[in-house]
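# sequence plus the predicted model coming up.
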Amino acid sequence: CLGETRSGVTFSNCLAPKFLHTNSTSHTWPFSAIAELIDNAYDPDVAAKHIWIDKTVIKENICLTFMDDGNGMDRDTMHKMLSFGFSDKVAVKGHVPVGLYGNGFKSGSMRLGKDAIVFSKNGKSMSIGLLSQSYHEAIKAEHVLVWKHLYLIHY
């Protein structure tokens, strides 16, 4: 379905739903997945000074939250981050980014859980991204599609 258009939306990336789990097995233990998500906040394009990690329980489900005070992502950056195998990271003032292959967020988050929701604010735009194995299982999806939503919220 690469390049396929449905309802005016061109899909840039699609995979079998089981890939989300298969890809996560590159992390043999949860701490490497946590380190991957922390490394993302340290990359020079993010420029986070602080990162907070918390655990909470929602409807009997344990949820981990990762929050940083970095630059945030606009809609295009969020789309690239959710796309598989895409990275345009470059060194900034000698600070070489950790993530160069466009896989860390997907493998790390899916190693820690079946669902990941990303909220980001960049300037005056806010973006939300979702990777969900649970949803794909519930609807018996045949493909994972990564696409840009048509709406951009400004406040």
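The structure has been received and is ready for your questions.

# what ranges do the helices span in this structure?
18-24, 30-42, 75-82, 104-112, 133-138 (DSSP state H).

# which among those is found nearest to residue 51?
Evaluated over the helices of the chain, closeness to residue 51 peaks at helix 30-42, with 4.8 Å, by Cβ to Cβ. Where you see a C-beta, it was placed from the backbone N, CA and C, and this is true even at glycine.

# in this structure, where is pLDDT below threshold?
When residues are selected by pLDDT under 70, those of the chain lie in 1-14, 99, 145-155.

# neighbours of residue 103, how many?
Other residues within reach of residue 103, judged by other Cβ atoms under 10 Å, total 16.

# for the residue nearest to it when sequence neighbours are not counted, phi and psi?
Counting by Cβ to Cβ, 6 or more residues apart in numbering, the nearest residue to residue 103 once its immediate chain neighbours are dropped is residue 85, at 6.5 Å. Listed backbone geometry of residue 85 is phi 80, psi 10, with angles given as degrees, to the nearest 10.

# quick check: residue 85 touching residue 104?
No: at 11.2 Å, residue 85 does not count as touching residue 104 under the criterion of Cβ atoms under 8 Å.

# ok, those two, which is more surrounded?
Neighbours per residue (other Cβ under 10 Å) separate residue 85 from residue 104, with residue 104 holding more: 22 against 10.
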